[in-house]
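Novice: Build me a structure from this.
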Amino acid sequence: MKRILYIGNKLEKWGRTPTAVDTIPDLLKTEGLEIVSISTFQNKFLRLLEMCLYCLFGNYQKLLIDTYSTQNFIYAKFCGSIARFRGKDYYFILHGGNLSNRLRSSGNYVTNLFQTATKLVAPSKYLYQQFDQLGYENLICIPNAIPIQNYNFKHRIHTFPKLLWIRSFQELYNPKLAIQVLEKLSVLYPESELCMVGPDKDGSLEELKKYVKKNDLKVSFPGKLSKPDLISLSEDYCIFLNTSNVDNTPVSVMEAMALGLPVVSTNVGGMPYLIQNELTGLLAPPNDARAMTDACVKLISEPEFSAQLAKNARIEVENFDWDRVKHQWLDLLS
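Specialist: Here you go, the predicted model:
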């Protein structure tokens, strides 16, 4: 089997939310692939330097590159260029609901770099269609995956106003919307509470804590938790909120669906490709606290509907089990 190099922000050990580079390489190793993943440097310059040096001098035949629309787009461009210069197979793994817009404004060189990649791997039908509309022909859709056996489905007879939110605290994910939903829900259900799990990425967490304290809201902030602790914590909650302004097919939502938590999400990016409204979850317009609150009220006041929604979601997310998805990765890299 040819040696594979996987490039990405491997920062979980520094308290950051795990990304594809933290999970996919380990899963592929269990299937017998020889794969090295980098980089773990916190400093962005050192991280970019290590990535480029590995791409330039490393012993590999295939290069996988996590590709985002943010500043991380720079390392994808550099590493892809080096791999093409060395005559290696290189694959851009597409992430983020805004990536296609970044490509539109990146010029002819970057467009050509993506067109000549061995494959562009889209983890959702949404991103696949976005890049298909841009005229890219080297596309393949391999969905995000979770080991479904690790997520025990909990049947909830009653849906209480206990909300769970899991994401990095970042403006892109609009965490304040979850608190606004709690405020409105508390008018109807004074016992309402919200748990917001995740690391602070842009400094917004402290502002939210001040707001919660000032307004005496029932919100807990346990920080970043391990996967087993997250799964255990989910047992105590009844509704999962996804409040993003831009999104693809987040693993956190897939995990909630697997655990039996009915999902209320903003209707952005790839979410309607993952969730069918009123069948496997409820979708609301972005940044609309009233619509999201109304969706929560519907789940609380109609427990049978809520339970059926959760059952349907579990069936849907089983299509993303690693034991199913892994064959697409093995075919791609064989």
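Novice: my guess is N152 contacts E255, does it?
Specialist: No: the pair N152 and E255 fails to qualify as a contact (CB atoms under 8 Å) at a distance of 11.6 Å. Where C-beta positions appear, they are placed from N, C-alpha and C, glycine not excepted.
Novice: Neighbour count: these two, which is higher?
Specialist: Set side by side, N152 and E255 show more neighbours around E255, with 21 against 11, by other CB atoms under 10 Å.
Novice: Quick check: the more buried one touching F153?
Specialist: No: judged on CB under 8 Å, E255 makes no contact with F153 at a distance of 11.6 Å.
Novice: For the stretch 151-300 of the chain, which segments are assigned as helices?
Specialist: 175-188, 204-214, 227-234, 251-259, 271-274, 289-301 (DSSP state H, counting those that start in this stretch).
Novice: now for those helices, which one comes closest to L94?
Specialist: For the helices of the stretch 151-300 of the chain, the distance to L94 is smallest for helix 271-274, at 13.8 Å, taking CB to CB.
Novice: got any ranges where the stretch 1-150 of the chain has weak pLDDT?
Specialist: 1-2 (pLDDT under 70).
Novice: Report the buried residues of stretch 58-68.
Specialist: G58, Y60, K62, L63, L64, I65, D66, T67, Y68 (16 or more other CB atoms under 10 Å).
Novice: OK, contacts around G281?
Specialist: M257, P262, V263, V264, S265, I275, L309, A313 (CB atoms under 8 Å, 6 or more residues apart in numbering).
Novice: mind redoing it with 6 Å?
Specialist: V263, I275, A313 (CB atoms under 6 Å, 6 or more residues apart in numbering).
Novice: Report the separation between it and D323.
Specialist: Computed as CB to CB, to the nearest Å, the G281 to D323 distance reads 24 Å.
Novice: Outline the domain layout of this protein.
Specialist: 4-142, 148-319 (automatic domain parsing).
Novice: Could you dump those domains into TSV with distance to L333 added?
Specialist: Output for these, formatted as TSV (distance: least, CB to CB, whole Å):
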stretch	distance to L333
domain 4-142	6
domain 148-319	21
